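# Give the three-dimensional model of this entry:
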Amino acid sequence: AADKINLIPQDLFAELCEQIIQQLNHKIPGVNTAELCQRMQTSGIEINIGDLAKIANILSFLFSTAARNNLSTEELVTTLGSAVSTLPKHALQVIRHVWNEQGKSITVSEDARSMATVGQFVDMKWKLGVAMSSDTCRSLKYPYVTVTLTMADSSGQITDKSFEMTIPQFKNFFRQFKEMASVLETV
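Coordinates of the predicted model:
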């Protein structure tokens, strides 16, 4: 991972670190590695989303472990310097700066940890479609609903999950949401 970190310019690496701190503070649901990766590739950096996600996971683990152990900036940098000699100097400088500025704001509660292992809902989009025909049937006229859920997984990576439902399935889905809403109103 250190060789890939070396490819990332200091400003984009700082942005990645800051997004991870925000995610750990529950200010954003996750790190949008797809958008960051696209920006890096546009600026000529040869990195793929898988490598960037690994780097984000490593940094998330680093910052959350440092918060859990209540490390000072110097303790964190000293530990990193002795354990990871291959980490680029600019990365160490960014980690030092971000941890010094925002590290103490990370709260590590048990509730937050248990919630983080499940993932978090970010957004939902839907559309209604009609299948007109297929290779086996000339005239379907079959309505369906496509739902795309944007989720942040336990590591903070944002992904989209899409699925289709028939109209009866959608009505059942909607009924269950109404039941949840009515239960929530009683709380």
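# The residue sitting furthest away from the middle of the chain in helix, strand or coil?
Farthest-out residue of the chain from its mean C-alpha position, per C-alpha atoms, centre = their mean: R138, at 42.7 Å. Taking DSSP: H, G, I helix; E, B strand; the rest coil as the rule, one finds R138 in the coil state.
# switch to numbering from 29
With the count now opening at 29, the last piece we talked about shows up as R166.
# What values do phi and psi take at it?
Phi and psi for R166, reported as degrees, to the nearest 10, are phi -70, psi -40.
# Check L156 too.
Phi and psi for L156, reported as degrees, to the nearest 10, are phi -100, psi 130.
# ok, it - how many residues close by?
When neighbours are counted by other C-beta atoms under 10 Å, L156 registers 10. To be clear about C-beta, it is placed using only N, CA and C from the backbone, and glycine gets the same treatment.
# now V59
Using other C-beta under 10 Å, V59 has 27 other residues around it.
# any idea how far it lies from Q47?
For V59, the distance to Q47 (C-beta to C-beta, to the nearest Å) stands at 5 Å.
# Strands of this structure, start to end?
Here the chain has its strands, by DSSP state E, at 148-159, 170-180, 186-194.
# deepest of the ones you listed, which one?
Highest mean neighbour count among the strands of the chain (mean count of other C-beta atoms under 10 Å): strand 170-180, with a mean of 15.
# surely I56 meets I49?
No - with contact defined as C-beta atoms under 8 Å, I56 and I49 do not form a contacting pair (9.7 Å).
# Looking at these two, which is more packed in?
Each of I56 and I49 has its neighbours counted (other C-beta under 10 Å); I49 has more, 23 against 19.
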